[in-house]
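> Need coordinates for the following:
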Amino acid sequence: MSDSDNSSDNSAPAPVLAPLDARLADLVALYEDLHRHPELGFQETRTAAEAARRLTRYGYEVTTGIAHTGVAGVLRNGPGPVVLLRADMDALPVTEHSGLAYASTVPGRMHACGHDVHVTCLLGAADLLAAGRAHWSGTLVVLFQPAEEIGSGAQAMLDDGLYSKDLIPTPDVVLAQHVAPFGAGLIAYCPGACMAAADSLEITFHGTGGHGSRPETTVDPILMAASFVQRVQSVVAREVAPNEQAVVTVGSFHAGGTANVIPDRAVVRLSVRSFDEAVRARVLAAIDRIARAEATASGADRAPETEILDTFPVTVNDSLTLRKVNERFAQLFGEERLFKYAPATGSEDAGLLATAADAPLYYWWLGGWDPEEFRTALAAGRLAQDIPSNHSPRFVPVVRPTLTMGVQALTVAALSRLDPAAD
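Numbers count the residues shown, from 1 in each chain. Alright, predicted model coming up:
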């Protein structure tokens, strides 16, 4: 699929989008540079500096250092609504196995969730909208957020006075996108609750350590925690109704350091996903109950300790905003490029930016995988086996048309509110 495949005879955004072809080589170079230099949450200093440098060049009022590394650009362009476009910047502690010429140069770090795509596309849209300001009216805010992966970035920016200290004007609408492992050239949308709430927990089981040759003198926290890991799977299987939805995943188990010593504690980390607050409360209570029961069954003299590491709210799309933006998407890309998907059990903190402003949110998915590879895997029923998902060490979107369509999508989404002809 060529970049020109995304063209349309719709004239409304055409003058604003017209310079994109001439800017594309620079955006590709930027994307490859960001991919080579991934940075973890609240450490995105290099990425933030590049965003700030470019926004200044485009003519934005730039604020840096929001929640350590966050960057905001504001472009005031006459009367009209305040539109916020948001991109997250952080990478993951993943070792890349893509084999690409522009693979990560940072050991144990990778843009395995496509946030380098998000930053590049938002900078591209910020450039086009600044250059095309004669064709729209209102205030545009572009926000580069740290630490989405650990669920802290959006709230940290709000706590740092994003709205309360007038670092940016309070938005009337919040818009964001995320690259995903389906065919590049497609956009997926979900009305209403589109992504799950998430809670990450750390549970520490306390035992009594001792020599591996005399387990009878100990309370083994490894056995205690291992029994918990097995038992906790019954929460979804036996305590969540079929018409409800929840996920409980144990992603980390640490205990001991050598073969012949029984340690005095074991630490388990879990991720819990849900779409309903009542289900969430019931699942979290069940996890706590099972952890305490396993400790009691093992004869532990201390109850387990549970720490909540991070929390994401349910991401909810506003139906009216979704409809108006999708009308623009359909005009530009064609109705056949849009498809509806079921709510995803992944999680996202962009909704906090909308909730804090009492503003509607629209969050959509941008296809990023090679279209032919995706179609082949889909036809063979091998999507899970052949198409790497976000967070995989092999998840690297194709550059074109992903970047082109991502820039266009953000631009026309903003114009759906900033265009003087918009309803």
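
> all helices of the protein, in order?
14-17, 20-36, 45-58, 115-131, 153-159, 221-232, 234-239, 277-298, 319-333, 350-357, 371-380, 383-386, 402-418 (DSSP state H).

> which outside residues touch stretch 372-381?
With contact meaning Cβ atoms under 8 Å, 6 or more residues apart in numbering, stretch 372-381 is reached by Pro181, Phe182, Gly183, Gly367, Leu383, Gln385, Asp386, Ile387. The way it works is simple: take the backbone N, C-alpha and C, and place the C-beta from them, glycine included.

> which two of the residues you listed lie the greatest distance from each other?
Using Cβ to Cβ, the contacts of stretch 372-381 span at most 18.9 Å, a distance reached by Gly367 and Gln385.

> more crowded one of those two?
Taking other Cβ atoms under 10 Å, Gly367 and Gln385 do not tie; Gly367 has more neighbours (25 against 9).

> Kindly state the beta-bridge partners for the more buried one.
Note on Gly367: beta-bridge partners by DSSP bridges are Ala180.

> give the contact list for it.
Applying Cβ under 8 Å, 6+ apart, the residues near Gly367 are Val179, Ala180, Phe182, Gly183, Ala184, Gly185, Leu186, Ile187, Ala188, Phe374, Thr402, Met405.

> Equivalent analysis for Leu186, please.
Leu186 neighbours (Cβ under 8 Å, 6+ apart): Arg337, Leu338, Phe339, Gly367.

> same check, this time on Thr105
Here Thr105 is in contact with Arg36, His37 (criterion: Cβ under 8 Å, 6+ apart).

> any idea how far it lies from Glu32?
Separation of Thr105 from Glu32 (Cβ to Cβ, to the nearest Å): 11 Å.

> what's the burial count for Gly73?
By the criterion of other Cβ under 10 Å, Gly73 has 27 neighbours.

> Actually, Arg57.
Neighbourhood size, Arg57 [other Cβ under 10 Å]: 11.

> Tell me the pLDDT of it.
We have a pLDDT of 98 for Arg57.

> what about it, distance to Ala51?
Taking Cβ to Cβ, one finds Arg57 at 11 Å from Ala51.

> Show the pLDDT at Phe312.
Phe312 carries a pLDDT value of 87.

> Oh, that last question was meant for Ala422, not what I typed.
pLDDT, Ala422: 73.

> swap in Met1?
38.

> How about Ala278?
pLDDT, Ala278: 94.

> can you check the one 5 residues further on too?
The pLDDT attached to Val283 in the predicted structure is 97.

> Identify the residue spatially nearest to it, adjacent ones excluded.
Ala246 (5.2 Å; Cβ to Cβ, 6 or more residues apart in numbering).

> Report the contact partners of the one you found.
Applying Cβ under 8 Å, 6+ apart, the residues near Ala246 are Val235, Val236, Val240, Val272, Arg273, Ser274, Val279, Arg280, Val283.

> give me that answer again for 10 Å
Applying Cβ atoms under 10 Å, 6 or more residues apart in numbering, we find Ala246 in contact with 196-197, 235-236, 239-240, 272-276, 279-280, 282-283, 286, 345.

> Could you measure from it over to Ile290?
As defined by Cβ to Cβ, Ala246 lies at a distance of 14 Å from Ile290.

> Same check on Leu352?
Remark: distance between Leu352 and Ile290 (Cβ to Cβ) = 30 Å.

> Look up how far Thr315 lies from Arg109.
26 Å.

> that older thread, which one of the contacts of Leu186 sits in the busiest neighbourhood?
Gly367 (25 neighbours).

> could I get the helices of the chain as JSON lines with distance to Pro169?
Shown next, in JSON lines, are the helices of the chain (distance: least, Cβ to Cβ, whole Å):
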{"stretch": "helix 14-17", "distance to Pro169": "21"}
{"stretch": "helix 20-36", "distance to Pro169": "27"}
{"stretch": "helix 45-58", "distance to Pro169": "16"}
{"stretch": "helix 115-131", "distance to Pro169": "16"}
{"stretch": "helix 153-159", "distance to Pro169": "14"}
{"stretch": "helix 221-232", "distance to Pro169": "45"}
{"stretch": "helix 234-239", "distance to Pro169": "43"}
{"stretch": "helix 277-298", "distance to Pro169": "31"}
{"stretch": "helix 319-333", "distance to Pro169": "18"}
{"stretch": "helix 350-357", "distance to Pro169": "10"}
{"stretch": "helix 371-380", "distance to Pro169": "39"}
{"stretch": "helix 383-386", "distance to Pro169": "42"}
{"stretch": "helix 402-418", "distance to Pro169": "13"}
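
> quick one: low-confidence parts of this structure?
Confidence mapping of the chain against pLDDT under 70 gives the ranges 1-12, 423.

> For it, which residue occupies the most central location?
Centre of the chain computed as the mean C-alpha position; nearest residue by Cα atoms, centre = their mean is Glu348, 5.0 Å away.
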